[in-house]
Each structure stands twice: as structure tokens, then as C-alpha cells.
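Asker: give me coordinates for this.
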Amino acid sequence: MYTTSQPDPIRLEIFKNLYQFIAEQMGIVLQNTAASVNIKERLDFSCAIFDSSGLLVANAPHIPVHLGSMSESVRSLINEKNDTLKPGNVYLSNNPYNGGTHLPDVTTITPIFDEDKKQVIFYVASRGHQADIGGITPGSMPPHSTTVEEEGIIFDNFLLVEEGKFRELAVREHLSNHIYPARNPNQNIADFKAQIAANERGVIELRKMVSQYGIETVQAYMKFVQANAEESVRKAIHLLKNGSFVYEMDNGAIIQVKVTISQENRSATIDFTGTSEQLNSNFNAPKAVTQAAVLYVFRTLVDDNIPLNAGCLNPLEIIIPSGCMLNPIYPAAVVAGNVETSQTIVDALYGALGVMAASQGTMNNFTFGNEQYQYYETICGGSGAGIDFDGTDGVHSHMTNSRLTDPEVLETRYPVLLESFSLRPDSGGKGKHSGGNGVVRHIRFLEPMTANILSGHRVVPPFGLNGGEAGIVGRNWIQRQNGIEENLDSTATVEMKPGDVFVIETPGGGGFGKVS
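Answerer: Down below sits the predicted model:
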């Protein structure tokens, strides 16, 4: 019906948007059907579609650290279960050593078969951050874990739905059969079902597409969309120069990166040799997370409206030594690698390329809970300034793209009061272009709870570039009901009593260029 040897420019644009539209529809279903505040209100989820080999085709504009790494989860399923995949099956995966990011981010993967039900033609997947998946602290973001087992329960290509039947007993058993079991299995299961429903919307929409255009055309344009993204990244690389950067984190770990541009091939080598060895803390970033951070940075350098997909990676050679903190070996703890180290990787890459000062460089991961309640949020801060723009105040930047829970929802669902939430004046670094300001957040507890903060840039300030000043470091502290103030480190676990206030002051972004 249509020629598929070369893409028609108009049809390419149509298909590019159709694929993204399907991922967006999946996200709407997930948001509407999820039970947890974390997915329903904070939108801490991502949806995407993949070709028959598990390569990312298109996504909705959800969470960058999810989207750049989900393909690894899909391909791990293909490698392990390819011979046993059946129509109606759905799989669950969060293994950080098999394509996952950290344990709370659980991915449901649905293979889509052809009309004869013999061959997989696409995959759809949705990844949602579970409010609790077990581990040593409520909320499954323990500040001081040293092994992945302490962070919760691992699902490794677990069969969630078998030929259309939800395996609830098997799921419940898996959630409870652990030294640190899940605290709210009913909520986990409700969110898993929402993810299954999101995938099913993707299945329906892709089948409609095949019915309208034919399988050959749909699959051909998947390749064309990936090739278009590859060409766009090559064009962006052609304008870059070689660079390197060394960035120290609050815990003393070093991320070292060297970017080498080949003008002839319009390609780039990103080499992390020299980065700290695997840590005895949870700031190790799985290889999939490191790859996601690189993919994000190079996608942001492209002006064209392209989906973030596998084509963006083709011009990039990424070297990550095995056993370093950006490519750890099981059973290393990784919960902060996904949320904190990923941000440091991004800023180090922008520093090496000389295009942008550091943003707040942390997600300010705040969790609290007990056996009844579990809550997680990430908190905004200042973004870094660039060659021709100021940073932005109070914004989620780079590898996170989630909301903060509305105060009304937070106070209705949990025994806390949001006492104040405001910008933090003068926390952005000064420069020809100034960094954005951080924020200050006060949360008063009305019941005894365990609270955890997992953050960065409380010691090392977010750097400025080209003579711009650094952003101001963040601060975590507690105002006890009796008036005593307690300062906390970048990572801390504390017992909160009724009337105690947890205060989080987030970092500002770095400035760019000298003040004239």
C-alpha cells in the first residue's frame, strides 16, 4: 500500500507522533487506575513501546532515568524467556543487575504477538515507582543499605499474568517471602494491575495501527523513527568538542568522564575510566542507569522534536569499567545510584561538554512511614545556567520529572502537616547567567514515624562554569517539638515524634559566565 524502502517525510512525522501518542495513552490509563499516591499523584512512572528485538521506539515524556534503561529490562526478558513467551503473558522485573534501576521501580512487560499468535511483533512496558517494596526502612529507599537485599524484593522476569490470568497468590507469596517483606502488598498488587491495564491499552492501540497500515509499514517506520533519531544525534555531536570532567560527591566518590568526538564519523566516545570503584554504600548506579543518563544528555542536545529511543545510542560508544560505581557487581546496594548518582553523571557530562553548569544534582529523596503508612517524594531545587539562559527556580531537573504531591492529598492520606513550602532566596550561583534557587520544605509529623532522607550536595556545591559561581549546598535538619535543632547528613534515618518538624533546604544551581 505504501512504499517502505525510504521514509516519506510526512508519514515519518505522523508515525513518530502516533508511537508517542500510544505511550501517552498508556500513561493516562496508569495514572487513572493506580492506587498509590506515588503513581497517581506524583506521576512517578513511565510508559514506552519497543520493537520485536526490545529496542526502544518511542515513549511519553515521563521519567528520563526510567526511559533510557527500560530497554535493558525488555531485552533481558527476551534473552531469558524468548522460547516460553506466550500470548496473554505479562512479566514483572525490577532486578538492577538485569536492566532495572532500583527495586522500587518495577516494570511490567507485555509481548504483543502477530495474528497467528506465533511471533512477537512488539513489546510494551510500563515502569512505576512502588511506594514500598520491602527492605529495611518504610518506603524502600534506605539511606544506609549496603546490599541490594536490604532494599527490598527482587522480581526477575517474574510471570505476573499467565495466558490472561493474574497470578495473585504467587505475587503475594513473593512479596511476603523475604527477610524484609513488603509492608503493603494490597497496594503493590493494585499498582501492578494498573500497569497491566496500561500495557493493555498499548496492545490495543498498536493492533489498531497494524490493522490500519499493515504490519510491514508499522515495523518499517519503527526503524525509520530510530534512524531519524540517530541522524539528529549525529548532527548534534558534529557541533561538540572533546572534553573531560571530574566531579566529587558528598561521600568522597569520584565520577570521571572523558568525551572524545569523532568529527569524521559524527560519533562520540564517553569513557568513565577513573571513576571510583564500587562503593560499600547504595550510591552505586547500575549500568542501565549510567546508560540512561548518557542517552538523556545527548538527547537534550538535539533541537529537533524526536522521541528518545534506541537510535540515539547508535552514535555513542559508552565505556564503563566493570566493578566501578557506575557498573557495580551483585549484590551491591543501588537505591541511591538511580536517583542521586544518575544526576551527578548528567552534570559531569554537561561539565565535560562545557554547555551547562550543575543543577541541584539531587532528587532530595524523602521517605517516611511505619507499618500502616509509606510515602516517598522527590523535592525540586535550582537548575543550572547555560551559555544563553538562566537556571530555573524550584524545578525537578534532568533524570527526574515527577510532581510533588498536592498538600491537600498529602495531608488527607498521611498524618503530617505541610507547614511551609517556599523558594530559597539567593541559593542559585551568580554569573552572567545565574543558577536557579532551591526550595525550603517543612513537614510536621502528627504520629510517630521513621523518616529517611537520601540526598546530595549537602557538602559539595553544584559547580558553576566559565567563571560562574557555584550554587549553595542544601541542608537537612529537624526541629524537635521541645525546640532543639538537629542537623542531619546527606543521608539519614531518624525517628520522628508527634510535633517534630523535618526541614529540607534544597541546593541551588550553578551560574554560567562571569558577572560583567
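Asker: tell me how far the residue nearest to Phe50 when sequence neighbours are not counted lies from Thr400.
Answerer: Closest residue to Phe50 apart from its sequence neighbours, by CB to CB, 6 or more residues apart in numbering: Tyr123 at 4.2 Å. Glycine gets a C-beta too; all of them are placed from N, C-alpha and C. Note on Tyr123: its distance to Thr400, by CB to CB, to the nearest Å, is 25 Å.
Asker: ok, Met449 next?
Answerer: Taking CB to CB, one finds Met449 at 24 Å from Thr400.
Asker: okay, the two: which has more neighbours?
Answerer: The neighbour comparison of Met449 against Thr400 (other CB atoms under 10 Å) goes to Met449, with 26 against 22.
Asker: tell me the pLDDT at the more buried one?
Answerer: Listed pLDDT for Met449 reads 96.
Asker: need phi/psi at it.
Answerer: Recorded main-chain torsions at Met449 are phi -150, psi 160, according to degrees, to the nearest 10.
Asker: adjust the sequence numbering to begin at 11 for everything that follows.
Answerer: Sounds good: first residue 11 from here, last item Met459.
Asker: that one and Thr503 touch, don't they?
Answerer: No - using CB atoms under 8 Å, Met459 is not in contact with Thr503; the gap is 11.2 Å.
Asker: which residues do those two both contact?
Answerer: Between them, Met459 and Thr503 share no contacting residue under CB atoms under 8 Å, 6 or more residues apart in numbering.
Asker: quick one: the helices in the stretch 411-526 of the chain?
Answerer: Assigned by DSSP state H, counting those that start in this stretch, the stretch 411-526 of the chain shows helices spanning 417-423.
Asker: all strands for it, in order.
Answerer: Ranges of strands in the stretch 411-526 of the chain, per DSSP state E, counting those that start in this stretch, are 426-434, 448-455, 459-464, 485-489, 495-498, 501-506, 511-515.
Asker: with distance to Glu23 as extra columns, can I get the ones you listed in JSON lines?
Answerer: Converted to JSON lines, the strands of the stretch 411-526 of the chain look like this (distance: least, CB to CB, whole Å):
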{"stretch": "strand 426-434", "distance to Glu23": "39"}
{"stretch": "strand 448-455", "distance to Glu23": "39"}
{"stretch": "strand 459-464", "distance to Glu23": "41"}
{"stretch": "strand 485-489", "distance to Glu23": "47"}
{"stretch": "strand 495-498", "distance to Glu23": "50"}
{"stretch": "strand 501-506", "distance to Glu23": "46"}
{"stretch": "strand 511-515", "distance to Glu23": "43"}
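Asker: which one of those strands is the most hemmed in?
Answerer: For the strands of the stretch 411-526 of the chain, ranked by mean neighbour count under the definition mean count of other CB atoms under 10 Å, the leader is strand 459-464 at a mean of 24.
Asker: output the below-cut-off pLDDT ranges for this structure.
Answerer: Within the chain, the set of residues satisfying pLDDT under 70 comprises 11-14, 77.
Asker: can you give me the helices for it?
Answerer: Assigned helices in the chain, in chain order: 19-43, 47-50, 74-77, 80-91, 178-186, 195-223, 225-247, 297-310, 345-346, 352-363, 417-423 (criterion: DSSP state H).
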